[in-house]
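> Here is the input, now give the coordinates:
(one chain, ligands or ions: 1)
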Amino acid sequence: MDYDENKIDDYTLALLYLVTHERHEGLGARAWKGFDWDTMNRLHEKGYISNPAGKTKSVAMTEEGFLRAREQFKQFFAKQTTVISLPKLTPDAKKRWNEVPEQARKDIIESVWCPHCKTGVPMELHDGKMERRLLVLRGTCKKCGGEVARVVEPEG
Ligand SMILES: [Zn+2]
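A predicted model of the protein is given here:
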């Protein structure tokens, strides 16, 4: 198998952060070294860790190595906290919106006139409010990101 050694190095270095057991601010750290030998040698050549040869079970990380390890660890393994912005509807707008049958709601959201695209587009719903008896939905065009709005007429 052909593999990307640099990628292996990056992930190994990132995992070294996980097994760091001594941190000396500004001077690096020490980390357990039970990783692939060749990789550890490459990390040494890159200046991130001390020579991994020797009997000690841990290796010294340079300050540069430690900071990069921490950075990479965050990048590779941190849980993504995706911010899902729920549409904000005023209470009466929400009530009216919920009265619309689900399929009709989908149809409305999936085909909104976009003045920029000059066609019906799916809308990312952001907010809604009642204006007299009309439900006014505002959002953005999923194609161009421009602002779109849709008015839902009162029933009957
Ligand atoms: Zn558009």
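
> what comes into contact with the helix or strand of the chain with the lowest mean pLDDT?
Using mean pLDDT, DSSP states H and E, the weakest-scoring helix or strand in the chain turns out to be strand 20-24, at a mean of 89. Residues from elsewhere that reach strand 20-24 (Cβ atoms under 8 Å, 6 or more residues apart in numbering): 29-32, 58, 61, 66, 69. C-beta here means a position set from N, CA and C on the backbone, and glycine is covered the same way.

> So which residues on this protein come close to the ion?
Of all the residues in the chain, those in contact range of the ion (Cβ under 5 Å from the ion) are 114, 116-117, 141, 143-144, 146.

> Look at Thr20 and say how many residues are nearby.
By the criterion of other Cβ atoms under 10 Å, Thr20 has 18 neighbours.

> wait, doesn't Ile130 sit right on Lys94?
For the record, residue 130 is Met, not Ile. No. Taking contacts as Cβ atoms under 8 Å, Met130 lies outside contact range of Lys94: 9.7 Å.

> Let me see the contact set for Arg138.
By Cβ under 8 Å, 6+ apart, the contact list for Arg138 reads 125-128, 147-149.

> just for the chain, where's the confidence low?
For the chain, the stretches flagged by pLDDT under 70 are 81-85, 156.

> where exactly do the helices run in it?
For the chain, applying DSSP state H gives helices covering 5-18, 37-45, 63-77, 91-99, 102-110.

> for the first one, packing partners?
Using 3 or more Cβ pairs under 8 Å, 6 or more residues apart in numbering; DSSP states H and E, the elements in contact with helix 5-18 are helix 37-45, helix 63-77.
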